[in-house]
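> for reference, the sequence and a predicted model appear below.
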Amino acid sequence: MSASDEDLPFFVYGTLRSGGRNHAVHLAGRCADIRPAVLEGAALHAGPGFPYALLDARPGRRILGELITVRPGAYAGALADLDVLEECRADGTGLYVRRRLAVRTAAGGSREAWVYLAGPAVAARLRERPALIASGDWADR
């Protein structure tokens, strides 16, 4: 990982959002900034107990979430914890994959962030049997 990667915030859209159970365990006390954000060109799907994001270029597809900037001294631990939580594997075969994507902030700006997307097996299943959350907001499931 390069030094510039270490500065990337996380775009979170499910249980890692502020107030969510995984936010309390993995991010609380580590955050320097939390602000509303949107991931355009992606669709949110319900899973058993948690959400999955899939890239989806159809018009109107977007996911509502938060852009979380982690304090520099807490970044390495947060990244490692989130990769374990999301079962993100270096070979790309995990439950989720972590990708660097542009997200839009509520203020209208664009920022690159780490986004956890459905891994290959889950993505294939959701393409066959979608579980779309049309609003793009996990709180609306």
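The structure has been received and is ready for your questions.
> now do the strands in the protein.
Using DSSP state E, the strands of the chain run over residues 10-12, 31-40, 42-46, 51-55, 62-70, 96-105, 110-118.
> you'd agree residue 26 is up against residue 85?
Yes: contact criterion C-beta atoms under 8 Å: residue 26 and residue 85 qualify, at 6.0 Å. C-beta coordinates here come from the backbone N, C-alpha and C atoms, glycine included.
> quick one on the thing from earlier: okay, the strands of the chain, which one's buried deepest?
Stretch with highest mean neighbour count among those: strand 10-12 (a mean of 26; mean count of other C-beta atoms under 10 Å).
> can you give me the neighbour number for residue 28?
Residue 28 has 10 neighbours, counted by other C-beta atoms under 10 Å.
> for the closest residue to residue 22 other than its chain neighbours, what are its contacts?
Spatial nearest neighbour of residue 22, chain neighbours left out: residue 15 (4.0 Å); criterion: C-beta to C-beta, 6 or more residues apart in numbering. Residues in contact with residue 15 (C-beta atoms under 8 Å, 6 or more residues apart in numbering) are 21, 22, 23, 50, 51, 138.
> distance of the last one from residue 114?
This points to residue 138. 17 Å (C-beta to C-beta, to the nearest Å).
> please apply the same query to the third one.
With distances taken as C-beta to C-beta, residue 23 is found 15 Å from residue 114.
> state the distance from the nearest residue to residue 61 once chain neighbours are set aside to residue 88.
Distances taken as C-beta to C-beta, 6+ apart place residue 43 nearest to residue 61, at 4.7 Å, with adjacent residues excluded. As judged by C-beta to C-beta, residue 43 and residue 88 stand 20 Å apart.
> ok, now residue 58?
Using C-beta to C-beta, we find residue 58 at a distance of 26 Å from residue 88.
> what does residue 44 give?
Counting by C-beta to C-beta, the gap from residue 44 to residue 88 is 18 Å.
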